[in-house]
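Enquirer: Next comes the sequence, and after it the predicted model I'd like to discuss.
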Amino acid sequence: MNTNRLGNSGIVVSDICMGTMTFGNQADEKTSFRIMDMAYDAGVDFYDTAEMYPVPPDIKYVGATEEIVGRWMKTKDRDSLIIASKVAGPSHSWIQAPLRGGKTGLDRHHIVRAVEGSLQRLDTDYIDLYQTHWPDADFPLEETMMALDELVQSGKVRILGCSNESTWGLMKSLWASDALGVARHHTIQNNFSLNNRRFEDELAQACRQEGVSLLPYSPLGGGVLSGKYNDGLFPEGSRFALYQHAPTRQQAMLRRFLNEKSIESTRRYQAIAEELGMSVVTMAIAWSKQHDFVASTIIGATTVEQMPALLAAADVVLAPETLEKIDAVSRDLLYPMG
């Protein structure tokens with residue numbers, strides 16, 4: 001397994017990260033343990049979770065994912081693991097987190113309570129990478145960065161990152177950190193896949209110039225790139241099968257990820273992968289890892305059967321002619337996810 005540095009920090013991680021957002025909902029604890037064991041045995045040392053997981057958010061099982069990850073961590077040498085978690089953003093914006101009475105935010109009060117809760121559920125005394133899950137553009141970033149810096153100085157957190165952030169938000173946070181002389185973000189965790197290449201428009205250049213690493217999530221476009229939703233199918237237990245009957249926000253996500261354009265692009269990428277004699281899943285992960293601004297691509301699974309194709313990307317380097325074919329599809333079907 002290849003490794004990369006997270007931003008300009010002292011942390012080096014495997015270039016594949018194991019995501020956990022379905023653990024405790026779509027995947028039970030036994031299955032979750034098996035999935036993480038498979039990743040660990042393949043050389044994955046980087047695991048990403050969040051206080052709000054599993055998804056879709058529900059007060060019945062919020063926090064269950066961190067608890068499962070925490071119990072699994074006890075079966076391994078803690079020093080061999082790089083654990084990432086997240087504090088929920090403001091509940092008055094694009095999502096209402098089932099935490100702290102639905103009044104989450106990125107002020108010091110919420111950040112302190114969030115990290116203490118995550119440390120308890122993970123049953124560890126530090127978190128390697130602590131991220132803001134989504135931004136609050138109307139709240140002073142200076143206060144957020146000062147509160148996060150306190151966590152670094154106290155040893156509860158090693159480094160910081162953000163998620164679902166815009167170019168303005170990333171640059172504003174870096175400016176605030178530099179102006180205040182406090183810890184800055186080393187990573188940004190955003191949606192990036194063959195079906196969603198918007199990160200390349202602006203954020204990629206900002207990351208290159210500022211020494212910030214992308215941790216792409218949904219590298220399979222929410223599972224769409226696997227082809228399992230082709231022909232109007234909604235496999236039982238799949239994310240978008242669940243989202244069909246979920247609240248309005250999840251239904252909007254379903255329409256964004258799964259539409260006529262994204263299905264057509266998936267078919268074309270499948271054809272390229274077939275020419276290579278590999279799964280389109282493997283190709284999509286390999287493609288993500290080959291970007292210079294990417295440190296580690298976050299994979300996700302709900303069954304152990306999904307893992308081999310994901311982990312097979314570890315040793316795959318796509319040839320220039322393959323990348324050209326992929327780019328041709330992207331140009332012809334620009335922004336399948338809008």
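Expert: That came in fine, so what should we check first? None of the values given here were measured: they were computed from a predicted structure. Residues are numbered from 1 along each chain as shown.

Enquirer: excluding its backbone neighbours, what's nearest Pro54?
Expert: Asn25 (3.8 Å; CB to CB, 6 or more residues apart in numbering). Bear in mind the C-beta positions are built from the backbone N, C-alpha and C, glycine included.

Enquirer: Which pLDDT does the model give that neighbour?
Expert: We have a pLDDT of 94 for Asn25.

Enquirer: now the farthest one out in the protein, which residue is it?
Expert: Glu275 (29.0 Å; CA atoms, centre = their mean).

Enquirer: okay, it: pLDDT?
Expert: Reported pLDDT for Glu275: 98.

Enquirer: Does Ile298 belong to a helix, a strand or coil?
Expert: At Ile298, secondary structure determined by DSSP: H, G, I helix; E, B strand; the rest coil is strand.

Enquirer: Can you tell me who it pairs with across the strands?
Expert: Per DSSP bridges, residues listed as beta-bridge partners of Ile298: Cys17.

Enquirer: my read: it touches Asp48, true?
Expert: Yes - assessed by CB atoms under 8 Å, Ile298 is found in contact with Asp48 at 5.6 Å.

Enquirer: Output the lowest mean pLDDT helix or strand found in the protein.
Expert: helix 239-243 (a mean of 75; mean pLDDT, DSSP states H and E).

Enquirer: Any buried residues in that helix, and which?
Expert: 239-243 (16 or more other CB atoms under 10 Å).

Enquirer: Show me which of Ile298 and Asp48 is the more surrounded one.
Expert: Asp48 (26 against 23; other CB atoms under 10 Å).

Enquirer: What is the three-state secondary structure of the spatially closest residue to the more buried one that is not a sequence neighbour?
Expert: Of all residues not flanking Asp48 in the chain, Ala84 sits nearest, at 4.4 Å (CB to CB, 6+ apart). Here Ala84 is strand, with the state taken from three-state DSSP.

Enquirer: what number of residues lie near Ala84?
Expert: For Ala84, using other CB under 10 Å, the count is 28.

Enquirer: Run through the bridge partners of it.
Expert: Applying DSSP bridges, one finds that Ala84 bridges with Asp48, Leu129.

Enquirer: where's it relative to Leu160, distance?
Expert: 11 Å (CB to CB, to the nearest Å).

Enquirer: Please identify every residue contacting each of those two.
Expert: 129-131 (CB atoms under 8 Å, 6 or more residues apart in numbering).

Enquirer: And those, which of them are buried?
Expert: 129-131.

Enquirer: is it true that the residue nearest to Asp48 touches Thr49?
Expert: Yes - counting by CB under 8 Å, Ala84 does reach Thr49; the two are 7.0 Å apart.

Enquirer: Many thanks, we can stop here.
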